[in-house]
Structures are given as C-alpha cells and as structure tokens.
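coords please:
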Amino acid sequence: MTAQPLIIAIIIACVVVALILVRGVAMFGTGADPKKSNKVMQLRILAQFVAVVIIIIGALLLNGAE
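Prediction:
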C-alpha cells in the first residue's frame with residue numbers, strides 16, 4: 001500500500017481541526033452566542049478524535065508494511 005493517500009488524509013484531518021479551532025476561538029473573541037461557540041468547540045473535539053484515529057490507523061498500516 002502506498003502511503004500517499006494516508007498522508008493526505010492525515011493532513012486534511014489536521015487542517016479541518018485547525019479551521020474549526022480558529023472558528024471557535026474567533027466566536028469566543030467576538031462575543032458570539034456562548035452556546036453556539038461551545039458547540040463549535042465540541043465539534044473540534046470530535047474532529048480531533050477522528051484525526052487521531054486516522055493517524056493511529058496510518059501508523060499501524062505503515063508499520064506493518066515494513
């Protein structure tokens with residue numbers, strides 16, 4: 001298995017987490033609805049979980065490919 005699609009998936013997952021984080025912090029900074037800001041940060045936690053799972057699966061697959 002080539003590692004390139006896996007690396008791309010990891011990069012995309014990390015970028016998504018970063019974008020959600022920036023949006024959440026911006027919402028807190030502008031004084032937006034606190035409930036909406038909190039929901040965005042909860043979404044960030046979910047996105048981080050997905051990113052970590054992708055990274056772990058990638059590490060296992062790449063380690064097994066050796």
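
tell me the contacts of the residue minimising distance to the centre of the chain?
By CA atoms, centre = their mean, the chain has its centre lying nearest to Val17, at 3.3 Å. Val17 makes contact with 44, 47-48, 51, according to CB atoms under 8 Å, 6 or more residues apart in numbering. Yep, even glycine has a C-beta here, placed from its N, CA and C like the rest.

6 Å - rerun?
The contact partners of Val17, by CB atoms under 6 Å, 6 or more residues apart in numbering, come to 47-48, 51.

neighbour-wise, which of those residues leads?
Ranked by neighbour count (other CB atoms under 10 Å), the contacts of Val17 have Ala51 at the top, with 20 neighbours.

look up the closest residue to that one, ignoring the ones flanking it.
Distances taken as CB to CB, 6 or more residues apart in numbering put Ala13 closest to Ala51, at 3.7 Å, once the chain neighbours are dropped.

my guess is the one you found meets Val52, correct?
No - taking contacts as CB atoms under 6 Å, Ala13 lies outside contact range of Val52: 8.6 Å.

higher neighbour count, these two?
Set Ala13 next to Val52 and count neighbours by other CB under 10 Å: Ala13 wins out with 19 against 12.

so how far is the one helix or strand the more buried one maps to off the chain centroid?
Element membership for Ala13, per DSSP states H and E: helix 4-30. Chain-centre distance of helix 4-30: 5 Å, with CA atoms, centre = their mean, to the nearest Å.

okay, the residue nearest to the centre of the chain: pLDDT?
Listed pLDDT for Val17 reads 95.
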